[in-house]
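*Asks:* predicted coordinates and the sequence they were generated for:
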Number of protein chains: 2
Amino acid sequence: MTNIRDLAQMAGVSVTTVSRVLNQHPYVSEEKRKAVLEAIKVSNYHKNINAVHLSKGKTQLMGVVIPFSDHSYFAMLLKGIAKQALEHNYKLVLFQTEYIESKEMEALQMLKQKQIDSLIICSRSCDISIIEEHLQFGPIVLCEDNPRSKISSTFVNHYKIFSDALDYLYQKGHRQIGYCIGRRSGTNSQNRELAYQHFHKKYRLPYNSDYIIDQCLYFEDGERVITRIKEMDTPPSALLVTSDQVAAGIVISCQNQQLSIPDDIAIIGFDNEPIAKMLNITTIEIPLVEMGGNLFQQALNRALTNREISVKLIERGTV
Amino acid sequence: MTNIRDLAQMAGVSVTTVSRVLNQHPYVSEEKRKAVLEAIKVSNYHKNINAVHLSKGKTQLMGVVIPFSDHSYFAMLLKGIAKQALEHNYKLVLFQTEYIESKEMEALQMLKQKQIDSLIICSRSCDISIIEEHLQFGPIVLCEDNPRSKISSTFVNHYKIFSDALDYLYQKGHRQIGYCIGRRSGTNSQNRELAYQHFHKKYRLPYNSDYIIDQCLYFEDGERVITRIKEMDTPPSALLVTSDQVAAGIVISCQNQQLSIPDDIAIIGFDNEPIAKMLNITTIEIPLVEMGGNLFQQALNRALTNREISVKLIERGTV
């Protein structure tokens, strides 16, 4: 393959001149420019874009860390990010980490090594201090409510959402309320657990840790939730389910197992996905595509901004 | 930021020597190597990985073209690709194209410019000849049955699958069979339409183009399908539905609208997603995650291979 030295030789000019022509530097005589362009044409030379990035210090690549690409919550965020990337002529480098910390580190490493211009971390396992250390290498954006950190973020107030939803169920007469969640670690989940604890204190309700069911990510996990609840001596009368997919799985499982919703068990889903509408599931609407778009915008610049996105309770037939 | 010239000056050696040390070239004296390493340490120099890629001609980046990241078919392929990428220390550059041809061209352009080492095109709008022109720049892999092309692929035989499924429904007594599909263009869809036409010829059945319902991608599209079928004077008695998500939406819609499955309408889904199992939907199992893994392996090397993946009819309660 032709390289820049070959071009210089063909055009009878210096390597510096070829470089200047490739980078549209003004100080090149018209004669030399023509000779270089002719050499490029004859040799069918393709500029190695890595050389351009090296000279410009920009790649037009943005990193996106997500644990699972087939999980609807992350797929929706990714959709919003990708939509903006399409418009702004950015490409996305996808890190599907499965919450493996070393894989998150690789993303940070790529930012450090200038392979990507910026990084969106939709969900993380690694410590926030490690991320803060890498801010010097480019913009990093999080999707969590972490007011003490120096990192930009787009988030919903999971503490308030959980508190409000629990109050709503309390007002509907529920005293034994459980919840289903993806994982219990993670800032968002810890905020939700705190709201759950405070709710029990506020109303002096007995706290039952069996009512917290984790590893709930996909539609099919709804079946496991119902199986587990049926085994309990005193099952919860209502569930907050942090994914509409799982909520839908619970609704279908209840149909299959002759449990009545909301009489036997009330359900509040999260996100307001189309499946929630079709199954008439009461849910908290979270504009995930919009949040993805906002994450992209924040990753474009270095200013520290923390943007809270508001949510809405959609009352349907499962409470 | 320190560059290679600064390092050379600090170490009292030439730029070439620094470059040799960075690239572990053998012909450097021990004394000079130590001086460079010391300068790197003192200056906290971070090697610009674009320079490394420039010298190695490899990026460890693989491009993946998908039209929609939130569509379960593509999310499953992507999951399989990403799983292999994780193991082989590759990063994925994601092109969510929404079937916009110019966005596919950008992916091909990045291959040409060596920003990515290879490219997986899960579904395309652009002409196959354009893709073939870009094979000289690196491995490109398709997910379609295109025996005439010079491009590696992993695929299922959509013609045969459709023919077999239609024969199965015929044997169950169905004579008015329709199908739901994402789009009618595209190699896979054209193969399916061909099977549909041949089926009607073989059994001398009247062909009704109203029975082909396109733009069926998501769960919620199932509602539109049922609305449309209820408006028909002579509705189909069975539907092949090329996505379990859409099939699930149809099943829920039928529940909501008091249509009985399979008596009023029989359904065969595609993919065998967990939602099909929970809703007891008869479906064609397609191992999408495995196919994604295979696409990744093919994209790692330049050998031309076409691998057909076999599928399986899972008989449940909707036929």
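*Replies:* Done, it's in.
*Asks:* so what's A:Glu30 scoring on pLDDT?
*Replies:* Reading off the confidence values, A:Glu30 has pLDDT 84.
*Asks:* wait, I meant A:Glu104
*Replies:* 94.
*Asks:* residues near A:Val21, how many?
*Replies:* For A:Val21, the count of nearby residues is 21 (other C-beta atoms under 10 Å in any protein chain shown). Every residue, glycine included, has its C-beta placed from N, CA and C.
*Asks:* just the element for it, please.
*Replies:* Here A:Val21 sits within helix A:15-22, counting by DSSP states H and E.
*Asks:* point out where the stretch 51-200 of chain A drops to low pLDDT.
*Replies:* In the predicted model, the stretch 51-200 of chain A carries pLDDT under 70 at residues A:51-57.
*Asks:* please repeat the previous calculation with a cut-off of 80.
*Replies:* For the stretch 51-200 of chain A, applying pLDDT under 80 flags the ranges A:51-58, A:147.
*Asks:* near chain B, which residues of it are found?
*Replies:* Contact residues, the stretch 51-200 of chain A versus chain B (C-beta under 8 Å from any C-beta of the partner chain): A:51, A:53-54, A:59, A:61, A:64, A:68-70, A:72, A:75-76, A:78-79, A:82-83, A:85-86, A:91-98, A:100, A:103, A:106, A:110, A:112-115.
*Asks:* type out the ChimeraX command that picks the buried ones from the residues you listed.
*Replies:* This is how ChimeraX selects the buried members of these, with burial counted by 16 or more other C-beta atoms under 10 Å in any protein chain shown:
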select /A:51,53,54,59,61,64,68,69,70,72,75,76,78,79,82,83,85,86,91,92,93,94,95,96,97,103,106,110,112,113,114,115
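*Asks:* in strands only, show me the residues of the stretch 51-200 of chain A next to chain B.
*Replies:* Within those, residues falling in strands by DSSP state E are A:Leu61, A:Val64, A:Lys91, A:Leu92, A:Val93, A:Leu94, A:Phe95, A:Gln96.
*Asks:* doesn't A:Ile66 make contact with the last one?
*Replies:* Going back to what we said before, that points to A:Gln96. Yes. With contact defined as C-beta atoms under 8 Å, A:Gln96 reaches A:Ile66; the gap is 6.1 Å.
*Asks:* quick one: A:Arg20 and chain B, what's the gap?
*Replies:* Distance of A:Arg20 to chain B, given as C-beta to the nearest C-beta, to the nearest Å: 18 Å.
*Asks:* quick one, strands of chain A?
*Replies:* A:61-66, A:91-96, A:118-121, A:140-142, A:152-155, A:177-180, A:212-213, A:238-241, A:266-271, A:283-285, A:306-308, A:312-314.
*Asks:* what's the distance between the residue nearest the centre of chain A and A:Val225?
*Replies:* When C-alpha atoms, centre = their mean is applied to chain A, the residue found nearest the centroid is A:Cys122 (2.8 Å). Using C-beta to C-beta, to the nearest Å, we find A:Cys122 at a distance of 24 Å from A:Val225.
*Asks:* wait, what's in contact with A:Lys201?
*Replies:* Neighbour list for A:Lys201: empty [criterion: C-beta atoms under 8 Å, 6 or more residues apart in numbering or on different chains].
*Asks:* for A:Pro274, that is, sorry about that
*Replies:* Contacts for A:Pro274 were tallied using C-beta under 8 Å, 6+ apart; they are B:Tyr218, B:Phe219, B:Glu220.
*Asks:* the same query, at a cut-off of 6 Å, please.
*Replies:* A:Pro274 sits next to B:Phe219, B:Glu220 when contact means C-beta atoms under 6 Å, 6 or more residues apart in numbering or on different chains.
*Asks:* coming back round to it: so who does the residue nearest to the centre of chain A touch?
*Replies:* By C-beta under 6 Å, 6+ apart, A:Cys122 lies in contact with A:Ile66, A:Phe74, A:Leu77, A:Cys143.
*Asks:* surely the third one meets A:Leu288?
*Replies:* Spelled out, it's A:Leu77. Yes. Using C-beta atoms under 6 Å, A:Leu77 is in contact with A:Leu288, at 5.4 Å.
*Asks:* what about the two, which has more around it?
*Replies:* Applying other C-beta under 10 Å to A:Leu77 and A:Leu288 shows that A:Leu77 carries more neighbours, namely 28 against 25.
*Asks:* buried residues in stretch A:184-191?
*Replies:* Quick answer for stretch A:184-191 (16+ other C-beta under 10 Å): A:Gly186, A:Thr187, A:Asn188, A:Ser189, A:Asn191.
*Asks:* quick one: the helices in the stretch 1-150 of chain A?
*Replies:* Using DSSP state H, counting those that start in this stretch, the helices found in the stretch 1-150 of chain A span residues A:4-11, A:15-22, A:30-43, A:49-56, A:72-87, A:101-112, A:128-133.
*Asks:* those: which one's closest to B:Ser253?
*Replies:* Shortest separation from B:Ser253 across the helices of the stretch 1-150 of chain A is recorded for helix A:72-87, at 19.5 Å, computed as C-beta to C-beta.
*Asks:* now do the contacts for the closest residue in space to A:Leu288 that isn't next to it in sequence.
*Replies:* Spatially, and ignoring its direct neighbours in sequence, A:Leu288 is nearest to A:Met76 (3.7 Å; C-beta to C-beta, 6 or more residues apart in numbering or on different chains). A:Met76 makes contact with A:Leu288, A:Val289, B:Asp70, according to C-beta under 6 Å, 6+ apart.
*Asks:* any idea how far the second one is from A:Leu78?
*Replies:* Distance of A:Val289 to A:Leu78, computed by C-beta to C-beta: 9 Å.
*Asks:* repeat that for the first one.
*Replies:* Distance from A:Leu288 to A:Leu78, counting by C-beta to C-beta: 9 Å.
*Asks:* do A:Asp221 as well
*Replies:* Separation of A:Asp221 from A:Leu78 (C-beta to C-beta) stands at 21 Å.
*Asks:* A:Lys160 too?
*Replies:* According to C-beta to C-beta, A:Lys160 and A:Leu78 sit 25 Å apart.
*Asks:* equivalent analysis for A:Val36, please.
*Replies:* Relative to A:Leu78, and taking C-beta to C-beta, A:Val36 is found at 42 Å.
*Asks:* now for A:Asp117: which residues touch it?
*Replies:* Counted by C-beta under 6 Å, 6+ apart, A:Asp117 has contacts A:Lys58, A:Thr59, A:Gly138.
*Asks:* pretty sure the last one sits against A:Gln113.
*Replies:* I take that to be A:Gly138. No. Applying C-beta under 6 Å as the test, A:Gly138 and A:Gln113 come out as separate, 10.6 Å apart.
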